[in-house]
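J.: next comes the sequence, and after it the predicted model I'd like to discuss.
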Amino acid sequence: MENGVEAMRVGLFVTCLVDMMRPRIGFAALKLLEAAGCEVVVPAAQTCCGQPAYNSGDRAAARSLAVKLLDEFEACEYVVAPSGSCAGMVRTHYADLAAADPALARRMAALSAKTYELTDFLVNVAKLARVPGNHVGSITYHDSCAGLRELGIKAQPRALLAQLPGVTLSEMQGAEECCGFGGTFSVKFGEISAAIAEKKCDCIRAAGAAAVVGGDLGCLLNIEGKLRRMGDETTQVLHVAEVLVGGF
Amino acid sequence: MESRSMHFKARAGQKLADVVLQENLKKAKSKFVDMRAKAIVELDDFEATREAAKVLRNRALDDLDLWLEQFEQQATARGATVLWARDGAEICRLAIDIARRHGVTKATKSKSMLSEEAGLNQALAAAGIQPVETDLGEYILQINDNEPPSHIIAPVFHKSKEEISALFARTHGKPAKDDIQALTREAREELRPHFLSAGMGISGGNFLVAETGSVALVTNEGNGRMVTTLPKVHVVITGIEKVIPTLEDLSTLMRLLPRSATGQSISNYFSLLTGVKRPEESDGPEHLYFILVDSGRADMVGGDFAEMLRCIRCGACMNHCPVYQAVGGHAYGWVYPGPMGSVLTPLFTGLENALDLPQAATLCNQCGVVCPVKIPLPDLLRKLREKQMEHRLRPLAERLAFTVWAWVARHPALYALGSKLAVRYLKWLAHDGRRNDRIRVLGMAPEWTQGRDFPAPEGKTFRELYALDTARKTQTTESQA
């Protein structure tokens, strides 16, 4: 490494949703971490952080997946996920799952402390000097609930996007309000979920940007699905990592 | 009040389809949210005040029995009678006993959520005592065939001015008014004779102060004062968890309550009522009763849901809740709507009688960040979901699905195969001859695609692509070597 500084060894937690639905977000995250000078490992056996089970009240299932993630990522210096929701699960809820076992709780606490949401890590830990992308266009930013209220992700993505000269940010009304996704809520209470999504999409459209950008794929799928159903074929729905690496 | 919380989902659907209600909700929402946002910046340090309020509420609840005992001593020393009710039926029995003892045939009421819990109005009426709601919102509901409230501080949150105007014209037999002042004046004219003729006033209580035996009332309409000072008998009905140790504590909470509730620095009226009327005083009740109610609260002390007892009933959680904003309060089916209701209803009426409520939240935590006493509402909802799982109150298919899914997710080779096949299937579903970027009807999650499309996956998993990528890089390195 230049100047004799050791590269940060980062474990990329791709997240189950990105793995299945939008691999390009995973590759964008990889590229950004490498651009920040990190040595990235992608543990091959990784699956899910357990949040769907945790939020549905199945602690046993959630705990088993938390332990699995711990085993896979414990050796990494940092763990980074392109999701405020999944990073928030590890950072703020894993301790609860390990509460009954002091030895496990100590390991979980260490894991939680070194787990970051992607933009937070790029800005505050890796201090990415230059964003590699060259995206051009107007955007509006949706602040996802878990990232915003569990991890304080608000300024970080905006600071990174501000480095792109071709990007103009047009803030929407109620950017911090929930899009109605809520994980399993979106399929248990589809009608309410879609009604909340509609309000969010009205705000997005009123902002008049070419793309809505966010940091959590769950919200983005919800928003994209609602926009298209509303007949909006033009507003792009993009993950912040995709925008930051540009060209896709 | 009879709970209809089991029908949340069906009622929510009706509410979403109710055009007038949706318009009313939209108007009311921005008002409460914006006014609170403006009001909290008046405090030097809102967050520090929240923390202080949390600490002092915890202190009160940690020794709830001691503070209640002190309250009883102090209130009794000032001429009041303190009675204890285990549940709603006891509230009704005690209130009727008091009314009969004093020969009361009409009782004016200021807001009391506990009397809603108990269905007190119906019980009083059945006992030949006429209850008259005097809070404007509660009055509107009472004359509208005892419609239940849809919000804890704004009971007619769901109604428009036009609907109220028509109701007044119909009930009072006077020409329809179209401005709020005129409507309010009409209600005042209707209520005045009741204020003057009622033998008993019934109120709730925002806080009970242990060191002085006082009850604090926070109101905006002045009706609270009329109810608590004009009749000879005043009955306060409130929950045992409302007790706080000192007046100093009260001042801290009062910095938060009106700001969080209505965005006011201070409510129009704030009453601190202590003891019966003394000889040298010109007004106040000759007889003061406190009915302090358990109704499930004592069981919560020290348990998984103890933090909920800190609640000061401001309503900020529902004002900021995306689900409440979408469906309004009636869908929740009992006294308390929104996030606080989704926690309290299953605890007070039985987990099995409110199965949807703990699930009916996105866990966005907007409620948690606005709560003036820092109740972690999403955590409590999640704990209720855990209880539902433990007691097998979720459908078997759902419980099995999580078990199977978690098992597969612990077996990476199987998981890789499963997810690979799943994305191929979804991609195939997305082909409709014209385009392939969305699924219009998704059989495995029909509720998703009822109201929106399901975007199609790219077609291969990250896992597959990353393995290919790694293999290619290795090959390139080898061929270069």
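T.: Received, thanks.

J.: scan chain B for its longest helix.
T.: Residue-count comparison of every helix in chain B, with assignments taken from DSSP state H, identifies helix B:19-40 as the longest.

J.: what is the rounded mean pLDDT of that one?
T.: When the per-residue pLDDT values of helix B:19-40 are averaged, the result is 90.

J.: is the very next helix or strand once past it positioned near chain A?
T.: Scanning forward in sequence from helix B:19-40, with DSSP states H and E defining helices and strands, the next element found is helix B:46-62. No: contact between helix B:46-62 and chain A, assessed by Cβ under 8 Å from any Cβ of the partner chain, is absent, since the two come no nearer than 13.4 Å. No exception for glycine: its C-beta is placed from N, CA and C like everyone else's.

J.: next, the angle helix B:19-40 makes with helix B:46-62.
T.: Angular relation of helix B:46-62 and helix B:19-40 on a 0 to 180 degree scale: 100 degrees, by axes from the mean of the first three to the mean of the last three Cα atoms, to 10 degrees.

J.: what comes up buried for helix B:46-62?
T.: Going by neighbour count (16 or more other Cβ atoms under 10 Å in any protein chain shown), the buried part of helix B:46-62 is B:46, B:49-50, B:52-54, B:56-57, B:60-61.

J.: looking at these, which is nearest residue B:407?
T.: Looking at the buried residues of helix B:46-62 and their distance to residue B:407, the nearest is residue B:54, at 40.1 Å (Cβ to Cβ).

J.: strands of chain A, residue ranges please.
T.: Counting by DSSP state E, chain A forms strands over residues A:9-12, A:39-41, A:78-81, A:115-117, A:137-142, A:167-169, A:211-214, A:236-239, given from the N-terminal end onward.

J.: need the contact list for residue 83.
T.: Went with chain A since none was named. With contacts defined as Cβ atoms under 8 Å, 6 or more residues apart in numbering or on different chains, residue A:83 is in contact with A:15, A:17-18, A:117-118, A:147, A:215-218.

J.: ah, no, chain B please
T.: Taking Cβ under 8 Å, 6+ apart as the contact definition, residue B:83 lies against B:94, B:289-292.

J.: then residue A:21?
T.: By Cβ under 8 Å, 6+ apart, the contact list for residue A:21 reads A:217, A:221, B:423, B:455, B:457-458.

J.: if you rank the residues you listed by neighbours, which is first?
T.: residue A:217 (26 neighbours; other Cβ atoms under 10 Å in any protein chain shown).

J.: and the closest residue in space to that one that isn't next to it in sequence, how many neighbours?
T.: Excluding the flanking residues, the one nearest residue A:217 by Cβ to Cβ, 6 or more residues apart in numbering or on different chains is residue A:17, at 4.6 Å. Neighbouring residues of residue A:17 were enumerated by other Cβ under 10 Å; the total is 21.

J.: residue B:107 contacts residue B:197, doesn't it?
T.: No: Residue B:107 lies out of contact with residue B:197 (Cβ atoms under 8 Å); the separation is 10.8 Å.

J.: need phi/psi at the residue nearest the centre of chain A.
T.: The centroid of chain A falls nearest to residue A:83 when counting by Cα atoms, centre = their mean (1.5 Å). As for residue A:83, its main-chain torsions (degrees, to the nearest 10) stand at phi -160, psi 130.

J.: returning to that earlier point: can you tell me which of the contacts of residue B:83 are in strands?
T.: Among these, the subset assigned to strands under DSSP E consists of B:289-292.

J.: any stretches of chain A with poor pLDDT?
T.: By pLDDT under 70, the low-scoring segments of chain A are A:1-5, A:247-248.

J.: brain fart, the stretch 301-450 of chain B
T.: Using pLDDT under 70, nothing in the stretch 301-450 of chain B is flagged.

J.: and the strands in it?
T.: Read by DSSP state E, counting those that start in this stretch, the stretch 301-450 of chain B holds these strands, from start to end of the chain: B:438-439.

J.: hang on, the earlier thing: out of the buried residues of helix B:46-62, who's nearest chain A?
T.: Nearest to chain A, judged by Cβ to the nearest Cβ, of the buried residues of helix B:46-62 is residue B:50 at 14.7 Å.

J.: so the closest one sits against residue B:374, correct?
T.: Yes: counting by Cβ under 8 Å, residue B:374 is a contact partner of residue B:50 at 5.6 Å.

J.: how is chain B carved up into domains?
T.: B:5-300, B:397-480 (automatic domain parsing).

J.: export the ones you listed to TSV and append columns for distance to residue B:334.
T.: Putting those into TSV (distance: least, Cβ to Cβ, whole Å) gives the following:
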stretch	distance to residue B:334
domain B:5-300	5
domain B:397-480	24
